[in-house]
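*Asks:* Quick one: sequence and predicted model below, then my questions.
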Amino acid sequence: MDAMIKRGWFMQIKEYLPGLCFFKPLVFMICLLPFASFVSGAINQQLGPNPVEAMIRGFGDWGIYFLLIGLSISPTRKIFNLNWLIQYRRMIGLFAFFYVCLHFTSYIWFEQFFDYEKIIKDIFKRPFIAVGFISFLMLVPLALTSTNKMMRRLKKNWGRLHKLVYPVSILTLLHYFMMVKADYLVPGVLLVILSLLLGYRVIVNLKK
């Protein structure tokens, strides 16, 4: 007990965390839960009076949540010295892209019915859709280059390319703010979180 107090309870527990937390299949299933919830809600007609809007907004929300979770992994790993967290960063990033794809697909399928002329007009008519579309296009190369093979092929350029996640996160949150008409509580909280995550990186780089 004395030894544990001297070393700190957190340091003692941290030694056992890697053995307890290396459950990628479990994390994978947890990340799929929002998707399963929306599918179940659609099948059982439990998405409210406007299920299409509920799916579009819901998938978009989870895309932002996973983007922020992915951005939080590196600071958390460095601050608490939890190096095992890094193995989940790619998975979380791909799930962010997955939910953004569902958000975009739900829009062009269920709302616009693949009417591309109407979609193009909508992009120019409503600026928040244009901002969301730009952030989606910027996410595509990040997802396509997320494999080990692409990391080896791009070398240092891989790190430069994946810094696009920062402007993507900003544009995605801007898209959210522009879409919301009244209640800014949730996007406001997300803005605070994003500011802390980006601010941490700025401070670290300035120290270097």
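*Replies:* Everything's here; your move. Numbers count the residues shown, from 1 in each chain.
*Asks:* secondary structure element for the residue positioned nearest the centre of the chain?
*Replies:* The residue lying closest to the centre of the chain (C-alpha atoms, centre = their mean) is Leu67, at 1.8 Å. Using DSSP states H and E, Leu67 sits in helix 51-80.
*Asks:* what sits against Phe95?
*Replies:* Contact analysis of Phe95 by C-beta atoms under 8 Å, 6 or more residues apart in numbering lists 31, 66. Using the backbone N, CA and C atoms, a C-beta is placed for each residue, glycine as well.
*Asks:* mind checking pLDDT for the residue lying closest to the residue nearest to the centre of the chain once chain neighbours are set aside?
*Replies:* Excluding its sequence neighbours, the residue lying closest to Leu67 (C-beta to C-beta, 6 or more residues apart in numbering) is Ala96, at 4.5 Å. We have a pLDDT of 97 for Ala96.
*Asks:* Please tell me I have it right and Ala96 contacts Gly70.
*Replies:* Yes: judged on C-beta atoms under 8 Å, Ala96 makes contact with Gly70 at a distance of 5.8 Å.
*Asks:* Which one's more surrounded, the two?
*Replies:* Ala96 (28 against 22; other C-beta atoms under 10 Å).
*Asks:* That one is in what secondary structure piece?
*Replies:* Element membership of Ala96, judged by DSSP H and E, is helix 89-106.
*Asks:* roughly how far out does the helix or strand that that helix is followed by sit from the chain middle?
*Replies:* Once helix 89-106 ends, the next helix or strand along the chain (criterion: DSSP H and E) is helix 116-125. What separates the centre of helix 116-125 from the centre of its chain is 26 Å, taken as C-alpha atoms, centre = their mean, to the nearest Å.
*Asks:* do stretch 173-184 as well
*Replies:* Averaging C-alpha positions (C-alpha atoms, centre = their mean) puts stretch 173-184 17 Å from its chain's average.
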